[in-house]
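1. sequence first, then the predicted structure, then my questions.
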Amino acid sequence: MSDVSTASILPGRSGVFGHLSDVFWRRPALLLAVMLVPPLLWLGIIYVGSLLALLLQSFFSIDDFSGLINYELTLSTYRQLLVPTNFDIIVRTVLMAVAVTLASAVLAFPIAYYAARYATGRWKAFFYLGVMLPLWSSYLVKVYAWKLILAKEGILTWTFDRLGLSWLLDGILSLPVIGGNSLSISYIGTFLVFVYVWLPFMILPVQAALERVPGNLIEASSDLGAHPGQTFRNVLLPLAMPGIVAGSIFTFSLTLGDYIIPQIVGSSRLFIGQAVYAQQGTAGNVPLAAAFSVVPIAIMGVYLWAAKRMGAFDAL
């Protein structure tokens, strides 16, 4: 019996790699640590470290006379964010992010509902292809294409003219604040491009949430006498809300920190991303640029906390 048990134990392997393999086999926790330490170091140094450096710089200030950074901790830079010009930038960006998120949710819901309830086989594959295909093209190419579409001499203006609806387009452009000389240099144009670019990030989580809604709940609601509106409000929307909130995490955060779209399409009024670039690259005011960068981080921290409480992460 002892001969059998002795023969069943394999001898240790020779060489450095053989010894390491034996050690890792005997101590799986050590293997796990070796596998996790490099990515955790990368995450801690490159990602978290850069955020901490950014946060630290926001507590410095600029000497108004010399233009040099004063490395003394102060809250004066954050007080500059409350100056009307800077505060307007924050409010403008947040309002745009909220508008884009709401519009994306309204547009995404019927598309996601059809894909979850009715699309099967090839049609479902066509749905995924149609949603994902815009994401495969260059981000800059899409934004510049929309710049041409929305221009005063673009195809959209030509279409309105051919349909005899130039008066409608002129009325939209004459609206205060959001209007302009053309759609390509107005908040409306910026809004349209934002919705187009981020819409797929709303559709997919909503579709995933709707697929998890049991069909018999909708049938039971109808059997109990509820009309479609009541079924939507009391059954479908509450169960799909985690997916909507999950999609809003993407649309809201991406709009909040985007620099390219407002730079190419829209008016001359700045968004947070443009303000960071202007303070960092043009004005050389690194502390104020860092303070502007902290604003979307703080907003998204609160937003993610609220989204987690609503179960949004279960729909990702």
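-> Sure thing, it's come through. On a predicted model such as this, the values are computed, not experimentally measured, just so you know.
2. please work out the average pLDDT along stretch 140-158.
-> Stretch 140-158 shows a mean pLDDT of 89 in the predicted model.
3. residues in contact with Phe126?
-> Going by CB atoms under 8 Å, 6 or more residues apart in numbering, Phe126 touches Ala119. Backbone N, C-alpha and C define where each C-beta goes, glycine included.
4. what about the strand or helix carrying it, average pLDDT?
-> Counting by DSSP states H and E, the element that carries Phe126 is helix 122-136. The average pLDDT for helix 122-136 rounds to 82.
5. which SSE is immediately downstream of that helix?
-> Toward the C-terminal end, the helix or strand that comes next after helix 122-136 (DSSP H and E) is helix 139-150.
6. and the contacts of the helix or strand following that next one?
-> Later in the chain than helix 139-150, the nearest helix or strand by DSSP H and E is helix 155-162. Residues outside helix 155-162 that contact it (CB under 8 Å, 6+ apart) are 148-151, 166, 168-169, 182-183.
7. just the angle for helix 155-162 relative to helix 139-150, thanks.
-> 20 degrees (axes from the mean of the first three to the mean of the last three CA atoms, to 10 degrees).
8. what is the burial count for the nearest residue in space to Ser253 that is not next to it in sequence?
-> Distance criterion CB to CB, 6 or more residues apart in numbering; nearest residue to Ser253, sequence neighbours excluded, is Met300 at 5.2 Å. Taking other CB atoms under 10 Å as the criterion, the count of residues near Met300 is 17.
9. what segments of the stretch 101-250 of the chain are helices?
-> Remark: helices assigned in the stretch 101-250 of the chain by DSSP state H, counting those that start in this stretch are 122-136, 139-150, 155-162, 166-173, 187-211, 215-223, 228-231, 237-257.
10. report the buried residues of the fourth one.
-> Going by neighbour count (16 or more other CB atoms under 10 Å), the buried part of helix 166-173 is 169, 173.
11. find the centremost residue of this structure, please.
-> Nearest residue to the geometric centre of the chain (CA atoms, centre = their mean): Phe250, 2.7 Å.
12. which ones are touching the residue nearest to that one when sequence neighbours are not counted?
-> Ranked by CB to CB, 6+ apart and with sequence neighbours excluded, the top spatial neighbour of Phe250 is Phe201, at 3.7 Å. Phe201 sits next to 104, 247, 250-251, 254 when contact means CB under 8 Å, 6+ apart.
13. swap in 10 Å and give it another go.
-> Shown in contact with Phe201 (CB atoms under 10 Å, 6 or more residues apart in numbering): 104, 108, 131, 135, 246-251, 253-254.
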